[in-house]
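Undergrad: got a sequence here, can you model it:
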Amino acid sequence: MDLSRLAAPEQILATPRYQVAPHMRAMPLHVGTRGSPLALAQTRNVIARLGEICAPLQGSGTQEHIITTTGDASQASGCRLADIGGKGLFSKEIDEAMLAGRIDIAVHSLKDLETTLRPGIVLGCVLPREDARDTLILGPGCGAVDPWNPWACLPAGAHVGTASVRRQAQLLHARPDLVVSIIRGNVQTRLNKVASGATQATLLAYAGLRRLGLGEQASLIIHPEMMVPAAGQGIVGITVRESDTQMRELLATIEDRETRALASAERAMLAVLDGSCNTPIGAYARISADGTLHLTGLLASPDGGYLAKRRLAGAMHDAVAIGNELGAALKKDAPRWIF
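TA: Numbering: from 1, shown residues only. Here you go, the predicted structure:
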């Protein structure tokens, strides 16, 4: 997305609050979202942020539209997303509502968005990244946790539930004796399955737990070099029609520039690899105290038999180039059958 034609965020924020966008459009602003507790928590946070910088959007100035996506409807099927269409299943119906003019913006977990968005839709802004790490949720019968040896707490042959091939690959690479089964559903559903003994452990994003006030449910928070997160994990992204310049200008005022750089590097790497949802890919970017962007990339086979990690660093403004270069290096070194 090219934001060069838009006013810089600091220019808009310098405008008195009541003048930011009082005549932007007819109210209310229609905001699309999935209906899970996590999606709603994220959406309400976005609405609150917009209300802080644009008085007309407070209270009845916005209206939530809960949209059931194909991905949501398939939760009970027990299938991986890759088997029924991939990431786009969590945005297809939302995109259609936006292009039809029924909603103005949509709030997404960035890791659930396709790398290439539908024509006519752009990523209007990203919010400050929540903790990107994965967590291990343990049930009865598991051992003591060790942050530097996170898998040692799992008994031999333990059953671990996850629908993520990225998590599965890294888990099986470290512990090939484990049995990984598919587990889908919202955060609470997965927690309940561990508590009931349906599976001995599962892995969940720490960001989602924290946003739901469930951070204490994490038995162990895993270092991102030991379990490389998904590209965009912990980042909330807001999509908007490309032609809606007024809304894009408003969204620019809540954009977090560092998070945009992180997201750009990770998603660029993902785009170069161009794997299917059956290809385990991880990408984690961070910015050090001196402003350098560090990107870790992972490419693996679903059974963990092949697993490669590469790292690259550079200036924040070169985020896309860093992602492109790291993705190309991973792709060059990988066996063709991985894709």
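
Undergrad: from here on, just use CA atoms for contacts and neighbour counts.
TA: Fine.

Undergrad: just checking, what packs against the helix or strand that contains Ala41?
TA: Using DSSP states H and E, Ala41 sits within helix 37-53. If you count contacts as 3 or more C-alpha pairs under 8 Å, 6 or more residues apart in numbering; DSSP states H and E, helix 37-53 packs onto strand 29-33, strand 105-109, helix 206-211.

Undergrad: report the central residue of this protein.
TA: Lys111 (2.5 Å; C-alpha atoms, centre = their mean).

Undergrad: is it true that that one touches Pro229?
TA: No: at 9.6 Å, Lys111 does not count as touching Pro229 under the criterion of C-alpha atoms under 8 Å.

Undergrad: pull the distance from stretch 269-279 to the chain's centre.
TA: With C-alpha atoms, centre = their mean, to the nearest Å as the basis, stretch 269-279 stands 15 Å off its chain's centre.

Undergrad: CA atoms only for it - export them in CSV, please.
TA: Taking Å, rounded to 0.1, in the frame of the first residue of the first chain, the C-alpha atoms of stretch 269-279 are listed here in CSV:
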residue,chain,number,x,y,z
MET,A,269,9.3,-12.9,3.5
LEU,A,270,6.1,-14.8,3.5
ALA,A,271,5.2,-13.5,0.0
VAL,A,272,8.5,-14.6,-1.4
LEU,A,273,8.2,-18.1,-0.1
ASP,A,274,4.6,-18.3,-1.4
GLY,A,275,3.9,-21.5,0.4
SER,A,276,0.5,-23.0,0.9
CYS,A,277,-1.2,-23.3,4.3
ASN,A,278,0.4,-26.8,4.5
THR,A,279,3.9,-25.2,4.4
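
Undergrad: in it, what counts as buried?
TA: The neighbour-count check on stretch 269-279 (16 or more other C-alpha atoms under 10 Å) flags 269-273, 277-279 as buried.

Undergrad: show me where the stretch 151-300 of the chain has strands.
TA: Remark: strands assigned in the stretch 151-300 of the chain by DSSP state E, counting those that start in this stretch are 159-161, 179-181, 201-205, 220-221, 236-241, 281-287, 292-300.

Undergrad: compute the inter-axis angle for the helix or strand following the last one and strand 281-287.
TA: Scanning forward in sequence from strand 292-300, with DSSP H and E defining helices and strands, the next element found is strand 307-315. Using axes from the mean of the first three to the mean of the last three C-alpha atoms, to 10 degrees, one finds that strand 307-315 and strand 281-287 are set 30 degrees apart in direction.

Undergrad: now do the helix or strand following strand 307-315: which elements does it pack against?
TA: Following strand 307-315 in sequence order, the next helix or strand is helix 319-333 (DSSP H and E). Applying 3+ C-alpha pairs under 8 Å, 6+ apart, we find helix 319-333 packed against helix 257-273, strand 292-300, strand 307-315.

Undergrad: closest one to Gly61 among the ones you listed?
TA: helix 257-273 (26.6 Å; C-alpha to C-alpha).

Undergrad: returning to that earlier point: by pLDDT, give me the weakest of the buried residues of stretch 269-279.
TA: Among the buried residues of stretch 269-279, Cys277 has the lowest pLDDT, at 71.

Undergrad: thinking again about what came up before, okay if I get the helices and strands packed on helix 319-333 as a markdown table plus distance to Gly59?
TA: Compiled in a markdown table, the helices and strands packed on helix 319-333 are given as follows (distance: least, C-alpha to C-alpha, whole Å):
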| stretch | distance to Gly59 |
| --- | --- |
| helix 257-273 | 28 |
| strand 292-300 | 39 |
| strand 307-315 | 41 |
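
Undergrad: out of the ones you listed, the one nearest Thr33 is which?
TA: helix 257-273 (20.4 Å).

Undergrad: got any ranges where this protein has weak pLDDT?
TA: Scanning the chain for pLDDT under 70 picks out 1-26, 71-88, 275-276.

Undergrad: at 50 what do you get?
TA: Scanning the chain for pLDDT under 50 picks out the ranges 1-23.

Undergrad: quick one, helices of the stretch 1-150 of the chain?
TA: Using DSSP state H, counting those that start in this stretch, the helices assigned to the stretch 1-150 of the chain run over residues 9-13, 37-53, 70-73, 81-84, 92-99.

Undergrad: tally up the residues packed near Asn149, please.
TA: Residues within reach of Asn149, counting by other C-alpha atoms under 10 Å, total 11.
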